[in-house]
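Colleague: Okay, structure incoming, though there's no sequence with it:
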């Protein structure tokens, strides 16, 4: 069907086929091109390794910051309940003799002028920023599931994971709530926004993580393979179970506290009213022991659910391979190559540079300016991956 290819002699006669001497002459050029291609590929891999390791570091920093926010708010809130929480706004002890304990973390940290509110806002907001800008759903191999698995509205699950939980955490920490007895119509808007942020954080993260590791009901819908170790998958599933159990328990406690009867009488809850010299409604007396135990249970379940969510992030960080990347120990010199600094000044900087171990680059000074320029063109090590 196709004509026979021309012989090499015909190509040579036509001037198309390279001769032996020309191939030998071009061999050094081809070798240089191959070395340059390998160098460019190594540099691109090095840049990607730096970016992915930075993502793992920011994920760890964000998780630790969120953990500190919960722990500081919890510690300061308990101290306040045992000290100032047993007195009203005028400094008089409550008739019940018990301290006031909020039923949610949001109620405890609702006042941004108090220490617990300041700590919770600062650490949680900074942690959410770290997690969001880490871009870990797109850069860590034990989280990334590809762009073909779609959720609602044709959006991929890594995109949901990037733009739902972390912004929900920001909304949760910024938009605080007012205790229900003191909230007016405008405060209810903030309460609704706060609930939206909490749903984005807890429910949004739970659904995204469940699809990532094919947990329970999501197993039949997942067709990708997560690059995770067996220990990592088991620990991440345990964290998901803890999030589900504690968050559902928190919702159950909230329903019980909202219904009231027959679980407790109308006079067993906190009593809110007015005090002379105090503007607006304020706490007059605290709830009975039964109601306080329900509030402590609700608060504890919410805290444990949040700690389980943070632990899930820490497990992802611990088992990701990106945190083990071994990056180059020295960066390439660019000032001579890109003419960022005059050549004479670049040679002076290189000549006076002292390494961390105390050895000066005297060899570069003794070899003269030409060796200084050649060193500026040398390439640093590209690093390696530690599996």
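Modeller: Yep, that arrived. Just so it is clear, the structure is predicted and the values come from calculations on it, not from any experiment. Numbers count the residues shown, from 1 in each chain.
Colleague: which other helices and strands contact the longest helix anywhere in the chain?
Modeller: As assigned by DSSP state H, the longest helix anywhere in the chain is helix 20-82. With contacts defined as 3 or more C-beta pairs under 8 Å, 6 or more residues apart in numbering; DSSP states H and E, helix 20-82 has these neighbours: helix 105-108, helix 115-134, helix 136-139, helix 289-319, strand 325-326. C-beta here means a position set from N, CA and C on the backbone, and glycine is covered the same way.
Colleague: chain center to it, what's the gap?
Modeller: With C-alpha atoms, centre = their mean, to the nearest Å as the basis, helix 20-82 stands 15 Å off its chain's centre.
Colleague: That helix vs helix 115-134, what angle?
Modeller: Angle, helix 20-82 to helix 115-134, by axes from the mean of the first three to the mean of the last three C-alpha atoms, to 10 degrees: 170 degrees.
Colleague: so which strand or helix has residue 166?
Modeller: Assigned by DSSP states H and E, residue 166 belongs to helix 165-174.
Colleague: Output the contacting helices and strands for that helix.
Modeller: In this structure, helix 165-174 packs against helix 115-134, helix 185-198, helix 204-212, with contacts taken as 3+ C-beta pairs under 8 Å, 6+ apart.
Colleague: can you list contacts of that helix?
Modeller: 66, 69, 106, 120-121, 124-125, 127-129, 131-132, 193-194, 196-201, 204-205, 208 (C-beta atoms under 8 Å, 6 or more residues apart in numbering).
Colleague: now stretch 237-247
Modeller: When contacts are defined by C-beta under 8 Å, 6+ apart, stretch 237-247 is touched by residues 202, 205-206, 209-210, 213, 215, 301-302, 304-305, 308-309, 311-312, 315.
Colleague: go on, stretch 45-56?
Modeller: 134-136, 139-140, 317, 320, 322-323, 325, 327-328, 382-383, 385.
Colleague: cutoff 10 Å now
Modeller: By C-beta atoms under 10 Å, 6 or more residues apart in numbering, the surrounding residues in contact with stretch 45-56 are 133-141, 143, 316-318, 320-328, 331-332, 380-385.
Colleague: Grab the nearest non-local neighbour of the residue minimising distance to the centre of the chain.
Modeller: With distances taken as C-alpha atoms, centre = their mean, the residue of the chain nearest its centroid is residue 131 (2.2 Å). Excluding its sequence neighbours, the residue lying closest to residue 131 (C-beta to C-beta, 6 or more residues apart in numbering) is residue 62, at 3.7 Å.
Colleague: Check whether the one you found really touches residue 129, as I assumed.
Modeller: Yes: counting by C-beta atoms under 10 Å, residue 129 is a contact partner of residue 62 at 7.3 Å.
Colleague: of these two, who's got more company?
Modeller: Using other C-beta atoms under 10 Å as the criterion, residue 62 and residue 129 rank with residue 62 on top: 26 against 17.
Colleague: Quick one: residues contacting that one.
Modeller: By C-beta under 10 Å, 6+ apart, the contact set of residue 62 is 124, 126-134, 136, 166, 169, 310, 313, 317.
Colleague: roughly how far apart are it and residue 237?
Modeller: Distance of residue 62 to residue 237, given as C-beta to C-beta, to the nearest Å: 22 Å.
Colleague: ok, how many other residues are close to residue 178?
Modeller: 18.
Colleague: and if you look at residue 274?
Modeller: Residues near residue 274, counting by other C-beta under 10 Å, number 11.
Colleague: what's the spacing between it and residue 110?
Modeller: Following C-beta to C-beta, the distance that separates residue 274 from residue 110 is 20 Å.
Colleague: thinking residue 121 is in contact with residue 66, fair?
Modeller: No: Residue 121 is beyond contact range of residue 66, at 11.8 Å (criterion: C-beta under 10 Å).
Colleague: These two: which has the busier surroundings?
Modeller: Between residue 121 and residue 66, residue 66 has the larger neighbour count (other C-beta under 10 Å), namely 28 against 18.
Colleague: Let me see the contact set for that one.
Modeller: Counting by C-beta under 10 Å, 6+ apart, residue 66 touches 120, 123-128, 130-131, 169, 173, 201, 306-307, 309-310, 313-314.
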